[in-house]
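Engineer: this one's structure only:
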């Protein structure tokens with residue numbers, strides 16, 4: 001299958017590079033500035049599993065003329081509208097669009113633009129970012145990608161994708177309950193983003209202060225309540241995994257949203273924290289810590305825009 005990866009940032013860059021290394025037919029749709037760096041230095045990955053470099057096939061948006069079998073979308077939520085316009089020529093009658101964005105709102109946007117039959121549900125559990133030289137930094141050992149039909153059940157195309165992504169550097173799973181999986185990731189991310197941005201600290205540093213652990217789990221309980229009321233109660237294995245995640249002493253874990261704040265960049269706050277809080281309001285659920293985290297990052301965005309202007 002021919003794969004078009006939208007962008008070569010942290011998510012698309014990591015998974016796309018692993019696919020290229022394994023000999024898969026992958027092309028990256030990138031902007032001119034990113035294309036220049038890729039042509040000069042290749043797509044570089046720095047990972048706990050071993051560093052590597054691939055020479056990727058690249059296209060600029062204006063040069064896209066043909067349909068692909070798979071479109072892997074891993075852009076930031078605030079870039080999705082522009083990205084959809086750019087990759088629209090790659091979407092044919094049988095193209096699978098696999099988004100691995102954070103949150104849930106993007107599913108509605110993609111299905112409205114391209115139709116529900118083309119859009120799969122998906123998520124990525126990987127801690128990664130770009131450094132100043134454009135290298136993909138894989139911070140922790142996790143490297144999972146999960147996807148499936150939004151309505152549930154395993155399909156032939158999902159199983160074919162599972163085979164495609166079954167390469168070194170990627171832990172892949174086709175899911176019969178991807179919407180439930182995405183809700184659990186939404187809960188996890190809202191908790192990590194909310195608490196690390198609010199405290200401007202890693203999970204390990206938050207655990208080291210009075211009431212740090214209690215604050216993490218109060219926010220976690222708020223987000224779990226929203227998921228449960230929405231019909232997707234977090235399952236026992238997820239709860240157990242996150243309890244360990246949130247109680248690991250000296251953990252360097254912090255949300256990519258906090259990394260965006262630390263470098264003065266735009267965040268996905270409203271797509272994540274705002275959407276979770278809005279869903280809570282509609283369901284009549286009180287989420288005081290989530291609301292405070294949302295306000296905190298929103299205030300940062302006001303200051304960032306003022307400084308930019």
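Structural biologist: Sure thing, it's come through. These numbers come from a predicted model, not from an experiment.
Engineer: quick one, strands of the stretch 51-200 of the chain?
Structural biologist: For the stretch 51-200 of the chain, applying DSSP state E, counting those that start in this stretch gives strands covering 52-54, 57-60, 68-73, 91-99, 121-125, 128-130, 136-138, 144-148, 171-174.
Engineer: which of the ones you listed is buried the deepest?
Structural biologist: Each of those was given a mean neighbour count from mean count of other Cβ atoms under 10 Å, and the largest, a mean of 25, is that of strand 68-73. C-beta coordinates here come from the backbone N, C-alpha and C atoms, glycine included.
Engineer: between that one and strand 144-148, how many degrees?
Structural biologist: Inter-element angle recorded for strand 68-73 and strand 144-148: 120 degrees (by axes from the mean of the first three to the mean of the last three Cα atoms, to 10 degrees).
Engineer: which residues are contacting strand 68-73?
Structural biologist: Residues from elsewhere that reach strand 68-73, judged by Cβ atoms under 8 Å, 6 or more residues apart in numbering: 1-6, 12, 15-16, 27, 80, 83, 87, 90-92, 94-101, 106, 110, 161, 164.
Engineer: mean confidence for it?
Structural biologist: Summarised as a single mean, pLDDT over strand 68-73 is 98.
Engineer: list the buried ones in stretch 245-264?
Structural biologist: By 16 or more other Cβ atoms under 10 Å, the buried positions in stretch 245-264 come out as 245-246, 251, 253-261.
Engineer: Tally up the residues packed near the nearest residue to residue 272 once chain neighbours are set aside, please.
Structural biologist: Spatial nearest neighbour of residue 272, chain neighbours left out: residue 103 (5.0 Å); criterion: Cβ to Cβ, 6 or more residues apart in numbering. Here the count is done by other Cβ atoms under 10 Å, and residue 103 has 22 residues near it.
Engineer: which ones are touching residue 287?
Structural biologist: Taking Cβ under 8 Å, 6+ apart as the definition, contacts of residue 287 comprise 222-223, 225-226, 276-277, 280.
Engineer: Report the separation between residue 264 and residue 305.
Structural biologist: Between residue 264 and residue 305 the computed distance is 11 Å (Cβ to Cβ, to the nearest Å).
Engineer: What of residue 195?
Structural biologist: 24 Å.
Engineer: what do you get for residue 230?
Structural biologist: Using Cβ to Cβ, residue 230 is found at 31 Å from residue 305.
Engineer: Same check on residue 193?
Structural biologist: Taking Cβ to Cβ as the measure, residue 193 falls 20 Å from residue 305.
Engineer: Ok, residue 283 next?
Structural biologist: Residue 283 sits at a distance of 31 Å from residue 305 (criterion: Cβ to Cβ).
Engineer: Also residue 54?
Structural biologist: With Cβ to Cβ as the criterion, residue 54 and residue 305 are 37 Å apart.
Engineer: ok, now residue 155?
Structural biologist: 43 Å.
Engineer: Neighbour count: those two, which is higher?
Structural biologist: Neighbour count, other Cβ under 10 Å: between residue 155 and residue 305, residue 155 has more, with 16 against 10.
Engineer: That one touches residue 149, doesn't it?
Structural biologist: Yes: between residue 155 and residue 149 there is a contact at 5.2 Å, judged by Cβ atoms under 8 Å.
Engineer: Residue 217: which of the strands of the stretch 51-200 of the chain is closest?
Structural biologist: Within those, the stretch nearest residue 217 is strand 121-125; the backing value is 20.4 Å (Cβ to Cβ).
Engineer: now the angle from the closest one to strand 91-99?
Structural biologist: Computed by the same axes, to 10 degrees, the angle between strand 121-125 and strand 91-99 is 40 degrees.
Engineer: And for strand 121-125, what's in contact with it?
Structural biologist: Contacts of strand 121-125 (Cβ under 8 Å, 6+ apart): 11, 15, 74, 98-100, 107, 142-150, 175, 178-179, 181-182, 185.
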